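1. sequence? don't have it. structure:
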């Protein structure tokens, strides 16, 4: 059996098109342009690249982006003050504070200042708490985990009653995707570096989400035939045939696992494009809610 | 093999003794009496009983309790106002808002008003979010889940690397105990009413925590020989030999499972006594922190 390839690039494009249409409608009906503010502290290259890509996507879809930059030496008070000002600014519907922040700044204290209605990244700890709790709804779910769920839904994977196994428990992916899967009534297992005989656990998975940051960690023998495999990993490996001398692969041994799995995401082109698409969707949702639309 | 019986009554008594000694020392060294405020809204009998028991325990251990009662018709604003006043009161070191609250009041909004330093119940959603996140620490963990971990530790159970299976995912027990076990580096599986073939999952458990609210749900055949079984359930069943006509049993078929498990908590006398003991410990800790002791 060869797995269905889950085309994240295409799905993300569909979501972006929908956001673009909603942005146009919001402007026409309510005279409102959705606005996303970013608070970039210091000069982390990955954060800078993420902010650039986000700015471009905003422009493409008809959203306004407000880029704010603070030096790596910024104080906690300066970050909090800026976030508070953006929280009070009616032109700003979503606020994004790319992590990691410089050491002198408490991530938790900074993220707690993002008003829940503008927490399009879903990292305010109140939203994280509500993500896991029954009868509570976060205003927004974190973008990469929400993208994983979206890919599962669009693949037609049944989450309820499935045994979902998540490898990794990071604050940004592993933990929130675990809580989302549990909220969707999966039986949930979370594995990590201290798990014994990880293959025995993963072979039980109907849905396997891998976010462990280890190149091609998941081999074909670790996957139950027919399982849906979502690979969140992005790792660069040397490749002499490429101009850059390297290429990207995931945490899953894609070529081998696709012969066993029922469906699988490629890297690149799987989960990757979903993060910004879900951020754009969260931002347009925040803007719509601000006018009751 | 007959299991070690985990004596929650004795362990809770040890914790209470320690709290009593700490309360005396705090009074002697800092002239400070630890204070616990309760906000009882409406007339839920279970909440009333819990508050009564807590008041008695405070008195026994040398803590002050401040009982506040609001009618079942209280508004959201009245509850929030009271919690804020207690939050500002320097004689109050811990604030407890027994759940459930009447329908017109948002639990989340009320609990969010409890200052983190006084959140001895650990139910402020910020604390719940931090419970699961890496490199974050809740100010306090919820009392029953913290009691479960305490019982495991005092039994000498190794949590790190163990496969911990939790049955149930309630906000009060299942979810927070799951996050605590994950934080202690267990491989974690969460099962619930939608889980298929639950026995196949529980038979993999080195540590089995049951909080599912079903009388004697876990049978001997569902338990791996040697596993540590923690039974959080409290169910009343008819018993003609008792004056009251009933007695309490857990979610585990104790008599049969103790012949298979390595260690097991009885009901009553297992997890039950731990909740108030942990609440008292959290309150004395809050008071000590307030003076940097």
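-> Looks like it arrived, so ask away. Worth saying up front: this structure is predicted, and the values here are computed from it rather than measured. Residues are numbered from 1 along each chain as shown, chains lettered A, B, ... in the order given.
2. Only C-alpha atoms from now on, for both contacts and neighbour counts.
-> Fine.
3. out of everything not next to it in sequence, what's closest to the closest residue to chain B within the stretch 101-250 of chain A?
-> Chain B sits closest to residue A:129 of the stretch 101-250 of chain A, with a gap of 3.6 Å, by CA to the nearest CA. In space, and not counting its chain neighbours, residue A:129 is closest to residue B:129: 3.6 Å by CA to CA, 6 or more residues apart in numbering or on different chains.
4. mind listing what the one you found touches?
-> For residue B:129, the contact set (CA atoms under 8 Å, 6 or more residues apart in numbering or on different chains) comprises A:125, A:126, A:127, A:128, A:129, A:130.
5. after whichever strand or helix holds the residue of the stretch 101-250 of chain A closest to chain B, next one along is what?
-> Assigned by DSSP states H and E, residue A:129 falls within helix A:125-132. Scanning forward in sequence from helix A:125-132 by DSSP H and E, the next helix or strand is helix A:143-155.
6. can you pull the buried residues of that following helix?
-> A:143, A:144, A:145, A:146, A:147, A:148, A:149, A:150, A:151, A:152, A:155 (16 or more other CA atoms under 10 Å in any protein chain shown).
7. do stretch A:128-141 as well
-> Using 16+ other CA under 10 Å as the burial criterion, the residues of stretch A:128-141 that qualify are A:128, A:129, A:130, A:131, A:132, A:133, A:136, A:138, A:139, A:140, A:141.
8. For stretch A:162-179, give the mean pLDDT please.
-> Averaged over stretch A:162-179, pLDDT sits at 97.
9. Can you name the residues in contact with it?
-> Outside stretch A:162-179, the residues that touch it by CA under 8 Å, 6+ apart are A:128, A:131-132, A:141-142, A:144-146, A:148-149, A:181, A:185-193, A:201-202, A:204-212, B:132-134, B:195-196.
10. So which elements touch the helix or strand that contains residue A:201?
-> Per DSSP H and E: residue A:201 is located in helix A:198-202. Using 3 or more CA pairs under 8 Å, 6 or more residues apart in numbering or on different chains; DSSP states H and E, no helix or strand is in contact with helix A:198-202.
11. The next helix or strand after it close to chain B?
-> Counting by DSSP H and E, the next helix or strand C-terminal to helix A:198-202 is strand A:207-210. No - in terms of CA under 8 Å from any CA of the partner chain, no part of strand A:207-210 sits within range of chain B; the closest distance is 13.6 Å.
12. Can you name the next helix or strand after strand A:207-210?
-> Once the chain leaves strand A:207-210, the next helix or strand it forms, by DSSP H and E, is strand A:228-231.
13. Can you name the residues in contact with that next one?
-> With contacts defined as CA under 8 Å, 6+ apart, strand A:228-231 is touched by A:148, A:157, A:206-211, A:250-252, A:261-267, A:270-271.
14. Note down every partner strand of it and its orientation.
-> Next to strand A:228-231 in the sheet, as set by DSSP bridges, lie strand A:207-210 (parallel), strand A:263-264 (parallel).
15. Which positions in that strand come out as buried?
-> Quick answer for strand A:228-231 (16+ other CA under 10 Å): A:228, A:229, A:230, A:231.
16. Contact distance from chain B - what residues of the stretch 151-293 of chain A qualify?
-> By CA under 8 Å from any CA, the part of the stretch 151-293 of chain A that sits against chain B consists of A:160-163, A:170-171, A:175, A:182, A:185-192, A:194-196.
17. Out of these, name the ones that lie in strands.
-> Using DSSP state E, A:163, A:187, A:188, A:189, A:190, A:191 are the members of those that sit in strands.
18. Near the fourth one, how many other residues are there?
-> Around residue A:189 sit 26 other residues, with neighbours defined as other CA atoms under 10 Å in any protein chain shown.
19. Who are the contact partners of it?
-> Counted by CA under 8 Å, 6+ apart, residue A:189 has contacts A:163, A:164, A:165, A:166, B:187, B:188, B:189, B:190.
20. where does the stretch 1-150 of chain A dip in pLDDT?
-> Where the stretch 1-150 of chain A drops to pLDDT under 70, the residues are A:1.
21. Please enumerate the helices of it.
-> With DSSP state H, counting those that start in this stretch as the criterion, the stretch 1-150 of chain A has helices at A:8-30, A:45-61, A:76-88, A:107-112, A:125-132, A:143-155.
22. Now the fourth one: buried residues?
-> The neighbour-count criterion (16+ other CA under 10 Å) identifies A:107, A:110, A:111, A:112 as the buried residues of helix A:107-112.
23. what packs against that helix?
-> Contact partners of helix A:107-112 among helices and strands, from 3+ CA pairs under 8 Å, 6+ apart: helix A:76-88, helix A:125-132.
24. which residues are contacting that helix?
-> Applying CA under 8 Å, 6+ apart, the external contacts of helix A:107-112 come out as A:76, A:79-80, A:83, A:97, A:99-101, A:123-126, B:136.
25. Generate a ChimeraX selection restricted to the buried subset of those residues.
-> Filtering these down to the buried ones (16+ other CA under 10 Å) takes a single ChimeraX command:
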select /A:76,79,80,83,97,101,123,124,125,126 /B:136
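26. So which of the contacts of helix A:107-112 is the closest to residue A:61?
-> residue A:97 (20.8 Å; CA to CA).
27. Not counting sequence-adjacent ones, nearest residue to the closest one?
-> Distance criterion CA to CA, 6+ apart; nearest residue to residue A:97, sequence neighbours excluded, is residue A:39 at 4.9 Å.
28. That neighbour bridge partners, please.
-> Under DSSP bridges, the beta-bridge partners of residue A:39 are residue A:68.
29. Roughly how far does it sit from residue A:109?
-> As judged by CA to CA, to the nearest Å, residue A:39 and residue A:109 stand 14 Å apart.
30. so where's the stretch 151-293 of chain A shaky on pLDDT?
-> Along the stretch 151-293 of chain A, no part satisfies pLDDT under 70.
31. For residue A:62, give its distance to chain B.
-> Residue A:62 is 33 Å from chain B, where distance means CA to the nearest CA, to the nearest Å.
32. Surely that residue touches residue A:22?
-> No - using CA atoms under 8 Å as the test, residue A:62 is too far from residue A:22 to be in contact (9.5 Å).
33. Which neighbours do those two have in common?
-> Overlap of the contact sets of residue A:62 and residue A:22 (by CA under 8 Å, 6+ apart) is empty.
34. Outline the domain layout of chain A.
-> For chain A, the domain assignment from automatic domain parsing gives the residue ranges A:31-115, A:143-273.
35. Need the distance between the two termini of the first one.
-> Between the opening and closing residues of domain A:31-115 there is a gap of 23 Å (CA to CA).
36. Quick check: closest non-adjacent residue to residue A:196.
-> Counting by CA to CA, 6+ apart, residue B:161 is the residue found nearest to residue A:196 once chain neighbours are left out, at 6.3 Å.
37. check contacts around the one you found.
-> Residues near residue B:161 by CA under 8 Å, 6+ apart: A:194, A:195, A:196, B:185, B:186, B:187.
38. Quickly check those residues for the two that are furthest apart.
-> Among those, A:196 and B:185 lie farthest apart (CA to CA), at 11.0 Å.
39. Tell me which of the two has more neighbours.
-> residue B:185 (20 against 15).
40. Quickly note the distance from that one to chain A.
-> To chain A, residue B:185 is 6 Å away according to CA to the nearest CA.
41. Which positions in the stretch 1-150 of chain A make contact with chain B?
-> Within reach of chain B by CA under 8 Å from any CA, the stretch 1-150 of chain A has these residues: A:108, A:125, A:126, A:127, A:128, A:129, A:130, A:132, A:133, A:134, A:136.
42. burial of residue A:291, as a residue count?
-> Per other CA under 10 Å, the neighbour tally for residue A:291 reads 10.
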